[in-house]
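1. Below: sequence and its predicted model.
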Amino acid sequence: MKKAIKYSTIMVLFAVAAVATVRAHCQVPCGIYDDQMRIHMMEEHVTTIEKAMKQIESGQNQNQTVRWVMNKEKHADELTEIVTYYFLAQRIKPDMEHYEENLKTLHQIIVYSMKAKQTTDLKNVEKLTELIHSLEHTYFGEKHQH
């Protein structure tokens, strides 16, 4: 019975988190872009998602578990926002080199971000890390220094 209540509470919080609005990069266009900073932000979101997953699995009290679930949701949404509103909407252009590869990688990041929201499977974090590094490589080119 306690597990049912715990999971019901978590599901309600998932619904609340899904409704919350997120900030987008301006679409004025402002002309102020820092692509490398966005990559670092994405990496930081994945690190936070990973920490949240580990904390959720550690069996803390219900209040802390709920807070970590909400935090994981928030960072997964922010990761998706960077991909969607920064890279896809403003930075990835049809005439650029590696266009299709960048699109595929960005789409996969969105998918694995969703999977990270749905589970505490650290394989999703590993895949997100791999995809972000792949994006960095194809987006900036081989000569880019991390």
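-> Everything's here; your move.
2. Find the nearest non-adjacent residue to the residue nearest the centre of the chain, please.
-> Central residue of the chain (CA atoms, centre = their mean): residue 79, 2.9 Å from the mean position. Leaving out its chain neighbours, the residue that sits closest to residue 79 by CB to CB, 6 or more residues apart in numbering is residue 45, at 4.3 Å. Every residue, glycine included, has its C-beta placed from N, CA and C.
3. any idea of the mean pLDDT for the host helix or strand of the one you found?
-> When elements are assigned from DSSP states H and E, residue 45 belongs to helix 35-57. Mean per-residue pLDDT for helix 35-57: 97.
4. List the buried residues of that helix.
-> Neighbour counts over helix 35-57 (16 or more other CB atoms under 10 Å) mark 38-39, 42-43, 45-46, 48-50, 52-53, 55-56 as buried.
5. any idea how far stretch 38-47 is from the chain center?
-> Centre-to-centre, stretch 38-47 and its host chain are 8 Å apart (CA atoms, centre = their mean, to the nearest Å).
6. neighbouring contacts of it?
-> The contact list for stretch 38-47 (CB atoms under 8 Å, 6 or more residues apart in numbering) reads 75-76, 78-79, 82-83, 86-87, 109, 125, 128-129, 132, 135-136.
7. residue contacts, residue 93?
-> Counting by CB under 8 Å, 6+ apart, residue 93 has contacts residue 99.
8. where exactly do the helices run in the protein?
-> Along the chain, counting by DSSP state H, helices occupy 2-19, 35-57, 62-81, 99-118, 122-140.
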